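Asker: sequence plus the predicted model coming up.
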Amino acid sequence: MPAFLTPELGLIFWQLVIFLLVLFLLAKFAWKPILSSLKEREDSIESALRMADQAKIEMQQLKAGNEKLLADARLERDRMMQEATVMANQHRETERARATAEANTIIQQAREAIQQEKNAALAEVKNTAAKLSVDIAERILRRELAEPAAQTQLVDSYLKDVKLN
């Protein structure tokens, strides 16, 4: 067999001594810091996971709270819109009624003014007709009664009418 495959007893001894020495040095100086840093790392990871879970729960609570606030805001907006619509309709109806009343008043005043103008015009026409009638009668009488015989005949006819009545 080749020599490098079969180690001698001295080599095995020294390898075992070096191995035990390295093992002792690692156990004395390195294992505790390595294990403590691993423990710290494990604790920090566990703490981070707990904090992440807590943050997740808080986010869910905030989201639920936001959704509730949003729903409340929507309800309030709808209520306000309904109130505004009702108020606008009431205002529109009030203004329509006021405008109708005002228009009726103006129409009534216009009718009264037209009636007054009509009455005044009729009175003026009657006065003018009466004046014209009097003027025409006066002219006719002057022409007919210009002669004394015609005057006597007219007086006699009036007297006959009076005696008959």
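Answerer: Right, received. Where do you want to start? Predicted model only: the values in this text are computed from it and were never measured.
Asker: how about the helices in the chain?
Answerer: 9-25, 31-144, 148-164 (DSSP state H).
Asker: buried residues, the last one. List them.
Answerer: What it means is helix 148-164. By neighbour count with 16 or more other C-beta atoms under 10 Å, helix 148-164 contains no buried residues. Yep, even glycine has a C-beta here, placed from its N, CA and C like the rest.
Asker: could you shift the numbering so residue one becomes 25, and keep it that way?
Answerer: Okay, using 25 as the starting number, the last item reads as helix 172-188.
Asker: quick check: angle from that helix to helix 55-168?
Answerer: 110 degrees (axes from the mean of the first three to the mean of the last three C-alpha atoms, to 10 degrees).
Asker: return the distance of the helix-or-strand element of the chain with minimal mean pLDDT from the chain's centre.
Answerer: Using mean pLDDT, DSSP states H and E, helix 172-188 stands out as the lowest-scoring helix or strand of the chain, at a mean of 76. Helix 172-188 has its C-alpha centroid displaced from the chain centroid by 92 Å (C-alpha atoms, centre = their mean, to the nearest Å).
Asker: contacts for that helix?
Answerer: With C-beta atoms under 8 Å, 6 or more residues apart in numbering as the test, helix 172-188 has contacts from Glu168, Leu169.
Asker: alpha carbons only: can I get that helix in CSV?
Answerer: Extracted as CSV, the C-alpha positions of helix 172-188 are listed here (Å, rounded to 0.1, in the frame of the first residue of the first chain):
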residue,chain,number,x,y,z
PRO,A,172,-140.4,133.5,-36.9
ALA,A,173,-143.1,131.3,-38.5
ALA,A,174,-141.0,128.2,-37.9
GLN,A,175,-140.6,129.2,-34.3
THR,A,176,-144.3,129.5,-33.8
GLN,A,177,-145.0,126.2,-35.5
LEU,A,178,-142.4,124.4,-33.2
VAL,A,179,-143.9,125.9,-30.0
ASP,A,180,-147.4,124.9,-31.1
SER,A,181,-146.3,121.3,-31.7
TYR,A,182,-144.6,121.1,-28.3
LEU,A,183,-147.8,122.4,-26.6
LYS,A,184,-149.9,119.8,-28.4
ASP,A,185,-147.5,117.0,-27.1
VAL,A,186,-147.7,118.4,-23.6
LYS,A,187,-151.5,118.5,-23.7
LEU,A,188,-151.7,114.9,-24.9
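Asker: all good on my end, thank you.
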